[in-house]
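> Show me how the following folds:
(chains A and B)
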There are 2 protein chains.
Amino acid sequence: MGAASLDPTERFLRACRGEPVDRPPVWLMRQAGRYLPEYRAVREGVSFLEMCRDVDRTVEVSLQPLELVGTEAVILFSDIFVPVPGMGVELDFAPGPVIEAPIRTLLQAEALCVPDPRESVPYVFESLRRLRAELATRDIPLLGFAGAPFTLAAYLVEGSGSNDFNALKRMMFRTPQVLKVLLARLTEMVCAYLQAQIEAGAQAVQLFDTWAGLLSPRDYQEWVLPTHRQIAAKLDHSRAPLILYVKDSSHVLDFMVESGVDVISVDWRVEMAEAARKAGQKVSVQGNLDPCALQAAPEEIAARVREISEAARAARGHILNLGHGCLPDTPVEGVRAFTAAAKALAP
Amino acid sequence: MGAASLDPTERFLRACRGEPVDRPPVWLMRQAGRYLPEYRAVREGVSFLEMCRDVDRTVEVSLQPLELVGTEAVILFSDIFVPVPGMGVELDFAPGPVIEAPIRTLLQAEALCVPDPRESVPYVFESLRRLRAELATRDIPLLGFAGAPFTLAAYLVEGSGSNDFNALKRMMFRTPQVLKVLLARLTEMVCAYLQAQIEAGAQAVQLFDTWAGLLSPRDYQEWVLPTHRQIAAKLDHSRAPLILYVKDSSHVLDFMVESGVDVISVDWRVEMAEAARKAGQKVSVQGNLDPCALQAAPEEIAARVREISEAARAARGHILNLGHGCLPDTPVEGVRAFTAAAKALAP
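The predicted structure is shown next:
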């Protein structure tokens, strides 16, 4: 196993592929975020989209968690909506995404274009190249990501965030042909976007299908699973493993396992032992501490990390993470306790 | 079984208790609601709380769905917050509940009183008595309900509705003793409130723990399950079966089954076949069509009703319902298609 000699990149990629490792690697979704005073300092005075387009600031905040809280992977600081304006959709952040003209008709869906992302959002790839160069000497893996077609569609149809995305579901039940075209365009965009990220240096990529868990199992199988399969089939997994995150996914774990991805990332509501059992030798698992649990005392956090790690043993590999993005009011010491507990895990 | 001779009350109570029936009974959560023009007419010009306190209007809208959409049970028109001001909590609807002074300290939690509900909210019991008298000649069952302690606590701590109720979870992790006192007071209130409803004529009662599904399995087991067990132990089930609704409950089904209730009510995300298998001979199941699916064509609604009913056969009994409350934009014809499909089910 060469347990003691694994550098963070090797450990991370092995965990993704289900190869033996000394212990699970650890990172956090939204690890570069408002809970860090140093992030807030860089973010001050610029809008969220300006921040995403500013390569210097992007590189700076993406790297911050390494030293500040001890995570073992860097994910590009960006947002799932960054590539969307290039498709011809006007949007703003207020602070959640607000779509000027929600997509409700076939004409609107068919009007969406799929540009070359290297031309529509060149700064994303410039940031990735800069990050990869910075990280090469430290053997830290670099992650890219994209919003998944269903979750992007949910916002584009709804016009903004929502508790239940009923407008999208109404479309599913009343004008399914519109949703089909919309998902097809988004799937094409996501494939090109992730492939370009891999070419720019991302060593693994995560697909965020945050809202797909709102569907019943049968609707998920019909509407969501095919988009994951298409994306998984298009990407070169030997160059960069694909991680699939779905929030609230206890009822669709079987579909996630069969989607062709390398790692399934689950939230705190999922019983990790069950996810790991279903993952088995097919996929690795990532997760799944409740972000709110970082409010607890360090020893409580450590106990939960040990429990999760133990429960994940039935899967071929495990990456320690939260079950959702790190919250703005999270105490920095809670995040440090989390990464420290992961690093203290026995092989 | 005397299939043809079952009146709606007998069918409903037998389904709750797992005794043989000709077919599942059908009703809808929030069946008296804004999707009905006749409801909107009665509701016009009065605030939501005024409406809940007005016995004439309450009785009128509670009965509306019987004729208008063909449901087979009547549930008291009310709100889970109706008994809360009596505990000493100032609240308003805007339109969701807004708590003037969110509960964050031990002092606040300990200051909550548990009044006799017959004195604090006499109109609830007057409405139930009137409804029971109206329904007696029609053999339609009357249901009462209450918000469950955890869900009420979620609002009381947060101060309003929320996507994730993080303030409540912070309390769980940082000042658990405050949450313990708060849940104890609420549990005591809920027991008295449901018992008084049964005495006023409710033939079954439903406990709404809408937000308990936000917790991880281990936190649910520690914080939510004991409250359900206490309530189930206090009530006289032979007089009125107890139905437990938890939204988003795929990960806590085992705990729901073991809580001592008679029926578990699950949302559309739960695989009904799995819920029914876990329910087995221990409890009956209720649910679970996605309310958004009432937007679909009548034949699609009927097909889904048949699927759900088929999947529920592994449980000792089944009550057809939605997975959550009926939405304001639901077409009335969709609701009628739903109840008609249920009535057309083969024995």
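> what about A:Thr175, neighbour count?
A:Thr175 sits with 14 neighbouring residues when counted by other Cβ atoms under 10 Å in any protein chain shown. Every C-beta, even on glycine, is put in place using the N, C-alpha and C of the backbone.
> ugh, wrong one, A:Asp254
Counted with other Cβ under 10 Å, residues neighbouring A:Asp254 total 13.
> which SS class is it?
Assigned state for A:Asp254: helix (three-state reduction, DSSP: H, G, I helix; E, B strand; the rest coil).
> which ones are touching the nearest residue to it once chain neighbours are set aside?
Nearest non-adjacent residue to A:Asp254, counting by Cβ to Cβ, 6 or more residues apart in numbering or on different chains: A:Lys278, 6.2 Å away. Contacts for A:Lys278 were tallied using Cβ atoms under 8 Å, 6 or more residues apart in numbering or on different chains; they are A:Leu253, A:Asp254, A:Val257.
> Give me the contact list for stretch A:324-343.
Around stretch A:324-343, the neighbours that count as contacts under Cβ under 8 Å, 6+ apart are A:23-26, A:28-31, A:33-37, A:65, A:68-72, A:247, A:267-268, A:289, A:291-292, A:294-296, A:298, A:301-302, A:305-306, A:309, A:320, A:322, B:166, B:170.
> Mind checking which of those are buried?
Among the contacts of stretch A:324-343, those that count as buried by neighbour count (16 or more other Cβ atoms under 10 Å in any protein chain shown) are A:23-26, A:28-31, A:33, A:35-36, A:65, A:68-72, A:247, A:267-268, A:289, A:291-292, A:294-296, A:301-302, A:305, A:309, A:320, A:322, B:166, B:170.
> ok, which residues in chain A are in contact with chain B?
Proximity of chain A to chain B, by Cβ under 8 Å from any Cβ of the partner chain, involves residues A:163, A:166, A:169-170, A:172-174, A:213-219, A:248, A:250-251, A:268-271, A:290, A:292-293, A:295-296, A:300, A:307, A:323, A:327, A:329.
> all helices for the stretch 101-250 of chain A, in order.
Listed in chain order, the helices of the stretch 101-250 of chain A (DSSP state H, counting those that start in this stretch) span A:106-110, A:117-120, A:122-136, A:149-158, A:166-174, A:176-199, A:217-223, A:225-234.
> if we can go back for a sec, which of the buried ones among the contacts of stretch A:324-343 fall within helices?
Residues of the buried ones among the contacts of stretch A:324-343 located in helices (DSSP state H): A:Pro65, A:Leu68, A:Val69, A:Ile301, A:Ala302, A:Val305, A:Ser309, B:Asn166, B:Arg170.
> so which of these would you say is closest to A:Glu44?
Of all those, A:Leu68 has the smallest distance to A:Glu44: 17.0 Å, by Cβ to Cβ.
> Setting aside sequence neighbours, what's the nearest residue to A:Glu158?
A:Glu158 sits nearest to A:Ala167 (Cβ to Cβ, 6+ apart), 4.6 Å away.
> wait, A:Leu294
Leaving aside its sequence neighbours, A:Leu294 sits nearest to A:Gly334 (Cβ to Cβ, 6+ apart; 3.4 Å).
> Out of the ones in helices among the buried ones among the contacts of stretch A:324-343, show me where the pLDDT dips lowest.
For those, the weakest pLDDT value sits at B:Asn166, with 90.
> Please name the residues that touch that one.
For B:Asn166, counting by Cβ under 8 Å, 6+ apart, the contacting residues are A:Cys292, A:Leu327, A:Asp329, B:Glu158.
> again, 10 Å this time
The contact partners of B:Asn166, by Cβ atoms under 10 Å, 6 or more residues apart in numbering or on different chains, come to A:Asp290, A:Pro291, A:Cys292, A:Gln295, A:Leu327, A:Pro328, A:Asp329, A:Thr330, B:Val157, B:Glu158, B:Leu214.
> What's the ChimeraX line that selects buried ones from those?
Of the contacts of B:Asn166, the buried ones go into a single ChimeraX selection, burial set by 16+ other Cβ under 10 Å:
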select /A:290,291,292,295,327,330 /B:157,158,214
